[in-house]
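In: Output the structure for:
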Amino acid sequence: MTIKDKLLLMLASLAFGWLILHAKPTVINSTTPKGMLVIDTINAVKPQVIKRDTVVSVRGKKALFIGDSHTAADYGWQYQVCKKTGMAMLNTAVGGKQTPWMLKIAKQNIHSGFDYCFIYGGANDMVGNRQPMKAVKNIQAIVDLCLKKQVKPIVITGFDPLMCVVIGNRTALKDYPQRYARFQQLLVDSIKGATVLKTHCISRTDCGDYLCHMTASGHKKMGEKVISGLAFKKI
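Out: As a prediction, the model looks like this:
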């Protein structure tokens, strides 16, 4: 082998080594019905798999709603959620009711024929000065009933009371917004086994009275928040 050939072989080896050191990882994108999987094939021992969020079709599923006046409106957020996603609905909500009554209704109505149970209450408990944690325990009891019957529980916190409630000179309700806000945070922090949606999605202009019973615009926003928060597919 001539000196020239040896030099050419040496340069080729160096170039090949440089390519190996600077080569980019091979990434395979695979779209599946459950979302996007990204697999890093460089890590052969323990490949990195990242699951992307996916949209859930609930068309034909059955939903139970338990609550008070914030869920009792004929064409309220609960109606819009079901209409836009194709779920069938049983709404047991009644205005003015508190969480002990909601728990009683849950015992009478929750069964394995439902796929989802939406639970939205506590405002009347807080107006009535019930300790927030006592109301939370009632909500947890409803969640536990759902889990026993293989029903998926969804807990709704509701609007932001510090923004939407206007007490004015109603001294009897002066602590209500703060107590309701505390209750909502306890739902987020304490409820086990359920999806808890913090639905601070409306403004004061979406309220129909000082306690923020929602107008049509408020119910529309709340419905959209629930659908997007649960990644439900619209029909």
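
In: Where does the prediction get shaky in the chain?
Out: Within the chain, the segments meeting pLDDT under 70 span 1-53.

In: mind running it again at 80?
Out: Scanning the chain for pLDDT under 80 picks out 1-54.

In: Now do the helices in it.
Out: 3-22, 69-72, 77-85, 99-109, 123-127, 132-148, 161-164, 176-190, 216-229 (DSSP state H).

In: can I get these in TSV with distance to residue 115?
Out: Just so you know, the C-beta spots here come from the backbone N, C-alpha and C atoms, and that holds for glycine as well. Shown next, in TSV, are the helices of the chain (distance: least, Cβ to Cβ, whole Å):
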stretch	distance to residue 115
helix 3-22	52
helix 69-72	18
helix 77-85	11
helix 99-109	14
helix 123-127	26
helix 132-148	11
helix 161-164	30
helix 176-190	22
helix 216-229	15
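
In: Of all these, which one is nearest residue 61?
Out: helix 77-85 (8.1 Å; Cβ to Cβ).

In: buried sites along that closest one?
Out: Using 16 or more other Cβ atoms under 10 Å as the test for burial, helix 77-85 gives 77-82, 84-85.

In: and what of stretch 169-183?
Out: Under the neighbour-count criterion of 16+ other Cβ under 10 Å, stretch 169-183 has 173, 176-177, 179-183 buried.

In: can I get the CA coordinates of that stretch in PDB?
Out: The C-alpha atoms that make up stretch 169-183 are tabulated as PDB, following Å, rounded to 0.1, in the frame of the first residue of the first chain:
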ATOM      1  CA  ASN A 169     -74.800  45.000  52.500                       C
ATOM      2  CA  ARG A 170     -76.000  41.400  53.200                       C
ATOM      3  CA  THR A 171     -74.100  41.000  56.400                       C
ATOM      4  CA  ALA A 172     -75.400  37.500  57.000                       C
ATOM      5  CA  LEU A 173     -73.500  36.300  53.900                       C
ATOM      6  CA  LYS A 174     -70.300  38.300  54.500                       C
ATOM      7  CA  ASP A 175     -68.200  35.100  55.000                       C
ATOM      8  CA  TYR A 176     -69.900  33.100  52.200                       C
ATOM      9  CA  PRO A 177     -67.500  33.800  49.300                       C
ATOM     10  CA  GLN A 178     -64.400  32.900  51.400                       C
ATOM     11  CA  ARG A 179     -66.100  29.800  52.800                       C
ATOM     12  CA  TYR A 180     -67.200  28.600  49.400                       C
ATOM     13  CA  ALA A 181     -63.700  29.200  48.000                       C
ATOM     14  CA  ARG A 182     -62.200  27.200  50.800                       C
ATOM     15  CA  PHE A 183     -64.700  24.300  50.100                       C
END
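
In: which residues are contacting that stretch?
Out: 122-123, 125-127, 129, 132, 135-136, 158, 160-162, 165, 167, 210 (Cβ atoms under 8 Å, 6 or more residues apart in numbering).

In: 10 Å instead?
Out: Stretch 169-183 has contacts (Cβ atoms under 10 Å, 6 or more residues apart in numbering) with 99, 121-123, 125-136, 139, 157-168, 200, 210-212.

In: Nearest to residue 204 among the buried residues of helix 77-85?
Out: Closest approach between the buried residues of helix 77-85 and residue 204, by Cβ to Cβ: residue 77, at 17.3 Å.

In: which residues touch the closest one?
Out: Contacts of residue 77 (Cβ under 10 Å, 6+ apart): 65, 70-71, 118, 120, 156, 199, 202, 214, 218-227.

In: Put the buried members of the contacts of stretch 169-183 into a PyMOL selection.
Out: Paste this into PyMOL to select the buried members of those, with burial taken from 16+ other Cβ under 10 Å:
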select buried, resi 99+121+122+123+125+126+127+130+132+135+136+139+157+158+159+160+161+164+165+200+211+212
